[in-house]
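**Q** Could you look at this predicted model? Sequence included:
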Amino acid sequence: MSKPQSPWGLEIRGLTKCFDRPAVDGLDLTVRAGEFYALLGPNGAGKTTTLRMVTGLLRPDAGSISVLGIDALADPVAAKQVMAWISDEPMIYDKLTPFEYLEFVAGLWGIDAAAADARATDLLGWLDLSEHAHERCEGFSKGMRQKVALAGALVHDPRVIILDEPLTGLDAASARQVKTVLRERVAAGGTVIMTTHILEVAERMADRIGVIASGRLIAHGTLEELRGQAGTSTTTLEDTFLTLIAEQAAAA
Amino acid sequence: MSQPGTLVWFAHHESRLAWRDWLAMMTAGRRRRIRTVAIALIVFATFMHVVAYSMVGRFADVGRDADKATLVVIIGSLLLSWSLMLSQAMESVTRAFYARSDLDLILASPAATRKVFAVRIGTMALSIVLMGVLLAAPFINVLAASGGSRWLGAYGVVAALGLAAAAFAVGLTIALFKTIGPKRTRLVAQIVAAVIGAAFVIGLQLGAILSYGTLSRIDFLESDALVALAPNLGSIAYWPALAILGDTTALAGVLAASLILLSVSIVIFSPRFGDHAIAAASISTTVTRQHRWSAGFRTSKPRRALRQKEWTLLVRDPWLVSQSLMQILYLLPPAFLLWRSFEGSGALLVLVPVLVMAAGQLAGGLAWLAISGEDAPDLVASAPVPASQIVRAKIEAVMGGILLVFLPFIAALALLSPYHAAVSAIGIIIASASATQIQLWFRAQAKRSHFRRRQVSSRMATFAEAFSSITWAGTAALVAAGTWLALVTAAIAAGILLGARLISPRPDTI
């Protein structure tokens, strides 16, 4: 089956989701294929809701979502096939071992069992989990659990990886490992979209940054472009981000 | 306002938490429902009074000079209630040890843990007493209204039973801690709690089967053999029964004994509660290794992977296995009845609804685990598998479990009566499918460890599941008896399913 060709890893148009109030309000967002995109915003800005709609975990009220040219609302299964989702709370099973977990995830994505085994062994070694590969996850630390979840996200070789605060609660060594893995995925042509409150990470890793507030994209571009939009040419991303948010709050 | 750190201050804190817990349980966390809940409670209480009148109204004239046989029946019924209270109390004590919630805060504070846990044991006792009083109230009120205020002493007896149950539960759980350690205690205490709750009922039924070939507990309690074995009149063992019948001396004795028991339990065990709670906290770091290919996930078929995952997670969690199988514990008497293979279709007729009812209940529990108790819902939902296939895999996992448990029963029944076996098999499939479907309609994400409290997330699902199982069991019984009335109960069951479908929430995922 030929894959639709698209310059966009992710293309969102007019995305809307209301709970008691609008969480995402007519959002337009584009992420190029093969880029590392950081999505920033204050708490409750709509970042997680947006990403959950992209991954098919929430049904939007309006708008369109396209992943690598695949209409994620019309054909969610095809879109999910090329995506991986990692949340800040690792989605793993306490009673399974990391190896079994990876086999299970590979089974869900329909990966050939022999190929999945080889890939799982590589990933566990890569993430320093080989020693614990056959221990149940129930006694694992937050960092180990997050690494197991990351391995699960990579075992089916996704072309778009979406992460929601993946570095929350990780120690320095684990955080570096996760960042290294993500950089390598981008270098290999993958698309990474990540929300984070650690602005230093966004500043150092992201090709482009989007800033969301009140469910709308209020600024996006490279760090330099964001500085231009904020009218602050020599400041850090933190200053730029806070300026943009303050301007948006004043305008609202 | 009381001084911080005092017993009264802790008691105020605990009672506020207990009240809010109870309110959240009754309203499923939605404060707007309070009025609805209040109306529902009034209707339910009225209904229960009618039920109580039909059950015990004729006994209102029984006086303090009751004969030995009557006292034996009362004591038997009290023991039955007490076993359920003890079961509930053990659950509460175990939860107090293992549910971390505020324990870390308490244990890290300079407050005297002895006081905290003394209050906590007292609160547990109070909640057990309250629950017992609420359940017994319709029966006591009916008896008091028809037979006079002397029956109100029964409230005191229920309170005494609750206090004694709490005292025994604390002692029993701490004894388990000391003998088998914190890791095993969690599982064993909860199994023991469930077994205690069921054992007395099952014991009476087994006795009834052996004596009369029926499942009737009352027949056994009223039997001459049991009355002959019971202590003579005048024995202290009859005090609780006499207290119910209005003997104030007996009531004072029973209340005093239970209060002393609870006080001793608090004085002895509350200083050590903190140490046990700390020991319980350390068990999560235990490492369990698995054999390389033990789970058999080597598959590229998503449905098979999902089925395998459900079964593996269940089998590897002894607590969940025990909780699921507890629902089957009540199948022991019918199984025994089947084994004795009584002549005629009368006994077999009893088996059909019991099997169907048990299947519905077990399927509801398994379906909750597979659907609402999914530990990684985002992972499964973000997989490239159509939702219909995910649902199908989970239904297959549930039905596989049902098949495994009930196939031996159907096979044994088929040897005695192929007709009853066929009716049971069809009933089991329909009741299981209905319970699973209800769980699908009312799915609400929850932790698997909340299995015992799953009814809190959706009362509607719980009621729908219970009534569906009951009506399908009734239908199966009527079909087995060969009456067209089965069509009426089948229509009611279908109506329950339709109603559940109409009020179920709309899913929000793609």
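**A** Right, received. Where do you want to start? Residues are numbered from 1 along each chain as shown, chains lettered A, B, ... in the order given.

**Q** Do I have it right that B:W151 meets B:F59?
**A** No: B:W151 lies out of contact with B:F59 (Cβ atoms under 8 Å); the separation is 9.7 Å. All C-beta spots, glycine's among them, are computed from the backbone N, C-alpha and C.

**Q** These two: which is more packed in?
**A** B:W151 (23 against 17; other Cβ atoms under 10 Å in any protein chain shown).

**Q** so what's that one scoring on pLDDT?
**A** Confidence at B:W151, expressed as pLDDT, is 89.

**Q** for the stretch 101-250 of chain B, what are the low-confidence residue spans?
**A** Low-confidence segments of the stretch 101-250 of chain B, defined by pLDDT under 70: B:101-102, B:104, B:183, B:200, B:205-223.

**Q** just the strands in the stretch 101-250 of chain A please.
**A** A:160-164, A:191-195, A:208-213, A:216-221 (DSSP state E, counting those that start in this stretch).

**Q** how about those strands in CSV, adding mean neighbour count, mean pLDDT and distance to chain B?
**A** Converted to CSV, the strands of the stretch 101-250 of chain A look like this (neighbours: other Cβ atoms under 10 Å in any protein chain shown; pLDDT from 0 to 100; distance: least, Cβ to the nearest Cβ, whole Å):
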stretch, mean neighbour count, mean pLDDT, distance to chain B
strand A:160-164, 24, 93, 9
strand A:191-195, 25, 94, 14
strand A:208-213, 24, 92, 20
strand A:216-221, 19, 90, 22
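
**Q** quick one: contacts for whichever residue of the stretch 101-250 of chain A sits closest to chain B?
**A** At 2.9 Å from chain B, A:G107 is the closest residue in the stretch 101-250 of chain A, using Cβ to the nearest Cβ. Contacts for A:G107 were tallied using Cβ atoms under 8 Å, 6 or more residues apart in numbering or on different chains; they are A:A113, A:A116, B:F297, B:T299, B:S300, B:K301, B:P302, B:R304, B:A305, B:L306, B:Q308.

**Q** Mind giving me the ChimeraX command for buried ones among these?
**A** In ChimeraX syntax, the buried subset of the contacts of A:G107 is picked out as below (16 or more other Cβ atoms under 10 Å in any protein chain shown):
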select /A:113,116 /B:297,299,300,302,304,305,306,308
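
**Q** that older thread, what touches both of B:W151 and B:F59?
**A** In contact with both B:W151 and B:F59: B:L143, using Cβ under 8 Å, 6+ apart.

**Q** What strand or helix carries the closest residue to chain A within the stretch 201-350 of chain B?
**A** The stretch 201-350 of chain B approaches chain A most closely through B:A305 (2.9 Å), counting by Cβ to the nearest Cβ. According to DSSP states H and E, B:A305 maps onto helix B:302-315.

**Q** So which elements touch that helix?
**A** helix A:98-108, helix B:318-329, helix B:345-371, helix B:387-416 (3 or more Cβ pairs under 8 Å, 6 or more residues apart in numbering or on different chains; DSSP states H and E).

**Q** Now that helix - C-alpha only, CSV.
**A** Output of helix B:302-315 as CSV, limited to C-alpha atoms (Å, rounded to 0.1, in the frame of the first residue of the first chain):
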residue,chain,number,x,y,z
PRO,B,302,-3.5,-7.7,18.0
ARG,B,303,-6.6,-9.6,19.2
ARG,B,304,-4.6,-12.5,20.3
ALA,B,305,-2.1,-10.2,22.1
LEU,B,306,-5.0,-8.5,23.9
ARG,B,307,-6.6,-11.7,25.0
GLN,B,308,-3.3,-13.1,26.2
LYS,B,309,-2.6,-9.9,28.0
GLU,B,310,-5.9,-10.0,29.9
TRP,B,311,-5.4,-13.6,31.0
THR,B,312,-1.8,-13.1,32.0
LEU,B,313,-2.5,-10.0,34.1
LEU,B,314,-5.3,-11.8,35.9
VAL,B,315,-3.4,-15.0,36.5
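
**Q** between that helix and helix B:318-329, how big is the angle?
**A** 90 degrees (axes from the mean of the first three to the mean of the last three Cα atoms, to 10 degrees).

**Q** is stretch B:370-386 anywhere near chain A?
**A** Yes: counting by Cβ under 8 Å from any Cβ of the partner chain, contacts between stretch B:370-386 and chain A involve B:D375, B:A376, B:P377, B:D378, B:L379, B:V380, B:A381, B:S382, B:A383, B:P384, B:V385, B:P386.

**Q** related to what we said a few turns ago, quick check: mean pLDDT across the helix holding B:A305?
**A** pLDDT averaged over helix B:302-315 gives 87.

**Q** Repeat that for stretch B:498-510.
**A** 75.

**Q** Please apply the same query to stretch A:148-156.
**A** 91.

**Q** Distance from it to the middle of the chain?
**A** In terms of Cα atoms, centre = their mean, to the nearest Å, the centre of stretch A:148-156 is found 13 Å from the chain centre.

**Q** which outside residues touch it?
**A** The contact list for stretch A:148-156 (Cβ under 8 Å, 6+ apart) reads A:84-86, A:90-92, A:98, A:101-102, A:105-106, A:109, A:111, A:116, A:119-120, A:123-124, A:127, A:129, A:137, A:140, A:161, A:166, A:178, A:181, A:185, B:379.

**Q** same question, stretch B:236-246
**A** Against stretch B:236-246 from outside (Cβ under 8 Å, 6+ apart): B:62-64, B:66, B:71, B:74-75, B:78, B:148, B:150-151, B:153-154, B:156-157, B:160-161, B:230-231, B:247, B:250-251, B:253-254.

**Q** Can you classify residue 65 as helix, strand or coil?
**A** Defaulting to chain A. Here A:I65 takes the strand state, with states given by DSSP: H, G, I helix; E, B strand; the rest coil.

**Q** Chain B, not that one
**A** Looking at B:D65 with three-state DSSP, the answer is coil.

**Q** On the pLDDT front, check it for me.
**A** pLDDT, read off for B:D65, is 79.

**Q** One more: A:D94?
**A** Confidence score, pLDDT, at A:D94: 86.

**Q** same thing with A:S2?
**A** 44.

**Q** In the stretch 1-150 of chain A, what residue spans correspond to helices?
**A** Secondary structure of the stretch 1-150 of chain A by DSSP state H, counting those that start in this stretch: the helices cover A:47-54, A:76-81, A:98-108, A:113-126, A:142-154.

**Q** Could you identify which of those is most buried?
**A** helix A:98-108 (a mean of 27; mean count of other Cβ atoms under 10 Å in any protein chain shown).

**Q** Next, the buried residues of stretch A:229-240.
**A** So for stretch A:229-240, counting by 16+ other Cβ under 10 Å, buried means A:Q229, A:A230, A:L237, A:T240.

**Q** Then stretch B:152-159?
**A** For stretch B:152-159, by 16+ other Cβ under 10 Å, it's B:G153, B:A154, B:Y155, B:G156, B:V157, B:V158, B:A159.

**Q** need the contact list for the closest residue to the first one other than its chain neighbours.
**A** The shortest distance from B:G153 to any residue that is not its chain neighbour, by Cβ to Cβ, 6 or more residues apart in numbering or on different chains, is 4.7 Å, and that residue is B:L251. Contact criterion Cβ under 8 Å, 6+ apart gives B:G153, B:G156, B:V157, B:A243 as the residues in contact with B:L251.

**Q** For the nearest residue to B:P505 once chain neighbours are set aside, give me phi and psi.
**A** In this structure, B:P505 finds its nearest non-sequential neighbour in B:F442, 7.2 Å apart by Cβ to Cβ, 6+ apart. Backbone torsions of B:F442, given as degrees, to the nearest 10, read phi -110, psi 30.
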